[in-house]
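Q: here is a sequence together with a model predicted from it:
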Amino acid sequence: MRQEKIALARQLINQSEALRDISPDNLKMSLRKAVNALALFNELGMHSVDADLALRRAMELLPTRVIEHDVELWTINASAFDPTGRFLVIAHGRNEILLWDTVEQLKIDAWTKVLPTMVSVQAVAVSADGRNVVTLTYNANQNIDSSTVTVWQVPERKPLRQFKLSGRLERIRLSPGGRYICILGPGLLWGWDIVNGERLELFSEVGSIYDLKFSPDEHYMTIAYRERGKRNFVVRISDVISGNEKSRWVQQKRINSLRWTTDSLRILISAQNTVLIHDALTGRQLAGYPQTNSGFIVSPNGSLQAERIQNYNVQIRSAQNGHELFYLTHSSEVKSMAFRPDGNSFVTLGLVDKKIRIWELGCRSFAELSNGDPISHVEFSSDSVLLFTRSASHERWWVLPPKNRTLEPLRDSNSTKLAPNLRQYQVRASGWPLPEGEKNRVDIRNVRGEHLSSHEFSSPVLAAAINRDSSRLAITTGTITRGGWRLSLETWGVNRLERSGVVPYPNLLEDKYAGFLVFSLDDRFVISASKVGFTLWDSEKLTQAGIVYHKAPQTIAFQPNGTLIATSGGDKKIRIWELPNMLEIAQIEQTEPVKELVLSPDDRWLATLGEDGVTRLWLLQPDDLIAQACAQLRTPCP
């Protein structure tokens, strides 16, 4: 009976993987089979990395439509989201304008009969703060061939600026802050400063214009065009105010659209079924990957890209490598789409059914936490009830959902108790490369960075670590040979600075791993790194206690009660290991580089601190994962 259940669970894993790869329409069935497989292994009291991974992958790919609004319109002539995805402006009927807030989920304002009769709305735009709405209209009266750009104030409903141009123009480009506007037409380019009404200094050698975008900081604009009489496609970046050129490069393929990343450092170019990523300062191509369609948008943090597929569906990919992450299926044509401000949800407007839909984009982690500025430290309370995060300007406690309860979202705690601090001291070694004059020195400081003492050694010190009570120091020393660094691990008593042990590394280490050295939370082990993983040394005897294999290791964390280890490495995976048998029990495929891992005392949670300053919270136990998946499927748990 037991073997039959194991065989059935493995069969369900294979079916889940196959369904997920066949078609996005099978994602729910893929997740159900992964849930049933993990439930079977959990019932048998067994760990299965494959079942855990299959369930996590299926949850990541399955978007959830959480909110749907009917905007109750007869027609939609033009629509657009602001750059953050919060505000939606719709021109409908002949002369009506509607402004919608997707975060508050309500209509901000609607005004009618503000546009002249016999005009057609070509395009609309809205500023990121929702204060300005822009309309581009074309006068359809006989013998009149002109376009009008009107900037409306909200909620006053009054025109702030109005510009009239000859010809039929079709596209609006509004800067993220709403100060600058450009209008594009066949061989025409116009721009204004909305605040003072002055024309922008734009260059005139433009032939065919393909796209124009303002940088997120509004300092620059980039334009894709073809020069008159030439076949080359050009991307040009210029200063918005002066019009001075900052950089320019030539593309071989026709350019469809442009997007800036939010740091204003990179530009994504859609060009003939290819996405190219360029450095905005130098124009150097950084990466490229295939694309199935011609237009796309980019998430606020620049990590995701969305594009319409056959007008009815939306495909969301990684902006770094083009890998498909999510697939949103709609019943009618998608008129407009945008990433919302949190970057983890997506909003769409249907053309025929006239519905606003908000989607949660998969379930990579249980929660993503930010303090407003980059988080520098994260820690669990000793009872695993609270999570503490610290940044330069904020300290916050978060309440974790209790066991065997609905996995509701995290909320702020009113706790005022001090954060736990397992480490009272820190050390600084000379590191690599070794600066002159500091080759052999180790500094000991308190947690605030205040200097306490310095110690000199006879050999170059590449790494150092100190135990919890500051009584013992571990150092890695090395000498260079023809074959590389010959390294040794040493332990010293801090009070008298007496060496208590020394052991040579069994293999030569690459210099980039020689700088890694830490004590475990209970001070039982000293951990060093090599190309293949982490080596655990008994801190008293300096004998090898075990090896945790993880290619190109980056960081390691011990659970306070000594039952689990978490490791991360260059394979972009986090691996969870069970002590003392070093059995791998779970795997998490990460998308952001991780600089710190923290395990909760109750084995239930893993917190990661990314290089982007965001803390991500992950569930580890099978029953928690199953409950989370069932909530996503909105079905009873097995």
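A: Received it, and whenever you're ready, just let me know what you need.
Q: when you work out contacts or count neighbours from here on, use the C-alpha atoms and nothing else.
A: Will do.
Q: show me what residue 584 is bridged to.
A: residue 577 (DSSP bridges).
Q: ignore the last one, residue 221
A: residue 214, residue 238.
Q: neighbours around it, how many?
A: 23 (other CA atoms under 10 Å).
Q: now do the contacts for it.
A: 212, 213, 214, 215, 237, 238, 239, 240 (CA atoms under 8 Å, 6 or more residues apart in numbering).
Q: which pair of those residues spans the longest distance?
A: 212 and 239 (13.1 Å; CA to CA).
Q: of these two, which one has the most company?
A: Using other CA under 10 Å, the more surrounded residue of residue 212 and residue 239 is residue 212, with 25 against 19.
Q: break the protein into its domains for me.
A: For the chain, automatic domain parsing gives the domain ranges 2-62, 365-411+563-573+586-620+627-638, 423-559.
Q: any idea of the mean pLDDT in the shortest one?
A: Regarding domain 2-62, the rounded mean pLDDT is 86.
Q: how far is that domain from where the chain is centred?
A: 26 Å (CA atoms, centre = their mean, to the nearest Å).
Q: go on, the last one?
A: Using CA atoms, centre = their mean, the mean C-alpha position of domain 423-559 is found 33 Å from that of the whole chain.
Q: stretch 196-214 now?
A: 32 Å.
Q: which parts of that stretch are buried?
A: Residues 200, 201, 202, 206, 207, 208, 209, 210, 211, 212, 213, 214 are the ones in stretch 196-214 that count as buried (16 or more other CA atoms under 10 Å).
Q: can you pull out the low-pLDDT segments for the stretch 501-638 of the chain?
A: Applying pLDDT under 70 to the stretch 501-638 of the chain flags residues 505-511.
Q: swap that for the stretch 101-250 of the chain, please
A: The model of the stretch 101-250 of the chain has pLDDT under 70 over residues 114, 116-118, 140-143, 203-206.
Q: strands along that one, start to end?
A: Using DSSP state E, counting those that start in this stretch, the strands of the stretch 101-250 of the chain run over 106-112, 119-126, 132-139, 146-153, 159-166, 171-174, 180-185, 188-193, 206-214, 220-227, 233-239, 245-251.
Q: any chance of the ones you listed in CSV, with distance to residue 494 too?
A: Shown next, in CSV, are the strands of the stretch 101-250 of the chain (distance: least, CA to CA, whole Å):
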stretch, distance to residue 494
strand 106-112, 64
strand 119-126, 63
strand 132-139, 65
strand 146-153, 68
strand 159-166, 71
strand 171-174, 62
strand 180-185, 62
strand 188-193, 65
strand 206-214, 57
strand 220-227, 56
strand 233-239, 58
strand 245-251, 56
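Q: do a quick rundown of the helices in this protein.
A: Applying DSSP state H to the chain gives helices spanning 2-22, 27-43, 49-61, 511-514, 622-633.
Q: tell me which strands and helices the shortest one is in contact with?
A: In this structure, helix 511-514 packs against strand 525-530, with contacts taken as 3 or more CA pairs under 8 Å, 6 or more residues apart in numbering; DSSP states H and E.
Q: repeat that for the second one.
A: Judged by 3+ CA pairs under 8 Å, 6+ apart, the packing partners of helix 27-43 are helix 2-22, helix 49-61, helix 622-633.
Q: CA atoms of the first one as PDB?
A: Below are the C-alpha coordinates for helix 2-22, written out as PDB (Å, rounded to 0.1, in the frame of the first residue of the first chain):
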ATOM      1  CA  ARG A   2       2.800   2.400   0.900                       C
ATOM      2  CA  GLN A   3       4.700   1.700  -2.400                       C
ATOM      3  CA  GLU A   4       1.500   2.100  -4.300                       C
ATOM      4  CA  LYS A   5       1.000   5.600  -2.800                       C
ATOM      5  CA  ILE A   6       4.600   6.500  -3.600                       C
ATOM      6  CA  ALA A   7       4.200   5.400  -7.200                       C
ATOM      7  CA  LEU A   8       0.900   7.300  -7.500                       C
ATOM      8  CA  ALA A   9       2.500  10.500  -6.100                       C
ATOM      9  CA  ARG A  10       5.400  10.200  -8.600                       C
ATOM     10  CA  GLN A  11       3.000   9.700 -11.400                       C
ATOM     11  CA  LEU A  12       1.100  12.900 -10.300                       C
ATOM     12  CA  ILE A  13       4.300  14.900 -10.300                       C
ATOM     13  CA  ASN A  14       5.100  13.800 -13.900                       C
ATOM     14  CA  GLN A  15       1.500  14.700 -15.000                       C
ATOM     15  CA  SER A  16       1.800  18.100 -13.300                       C
ATOM     16  CA  GLU A  17       5.100  18.900 -15.100                       C
ATOM     17  CA  ALA A  18       3.700  17.700 -18.400                       C
ATOM     18  CA  LEU A  19       0.400  19.700 -18.100                       C
ATOM     19  CA  ARG A  20       2.300  22.800 -17.100                       C
ATOM     20  CA  ASP A  21       4.500  22.600 -20.200                       C
ATOM     21  CA  ILE A  22       1.800  21.800 -22.700                       C
END
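Q: can you give me the pLDDT of residue 320?
A: We have a pLDDT of 69 for residue 320.
Q: neighbours of residue 414, just the number please.
A: 10.
Q: surely it meets residue 397?
A: Yes. Between residue 414 and residue 397 there is a contact under CA atoms under 8 Å: 7.4 Å.
Q: got a list of what the residue lying closest to residue 387 once chain neighbours are set aside touches?
A: Nearest residue to residue 387, sequence neighbours excluded (CA to CA, 6 or more residues apart in numbering): residue 380, at 4.6 Å. Residue 380 makes contact with 386, 387, 388, 420, 598, 599, 600, 601, according to CA under 8 Å, 6+ apart.
Q: also residue 451?
A: 443, 444, 445.
Q: and with 7 Å instead?
A: 444, 445 (CA atoms under 7 Å, 6 or more residues apart in numbering).
Q: what separation do you get for it and residue 221?
A: According to CA to CA, to the nearest Å, residue 451 and residue 221 sit 48 Å apart.
Q: okay, now the unreliable bits of the stretch 251-400 of the chain?
A: Across the stretch 251-400 of the chain (using pLDDT under 70), the flagged ranges come out as 292-295, 301-302, 320-321, 341-344, 362-363, 372.
Q: excluding covalently adjacent residues, which one is nearest to residue 386?
A: Nearest residue to residue 386, sequence neighbours excluded (CA to CA, 6+ apart): residue 399, at 4.8 Å.
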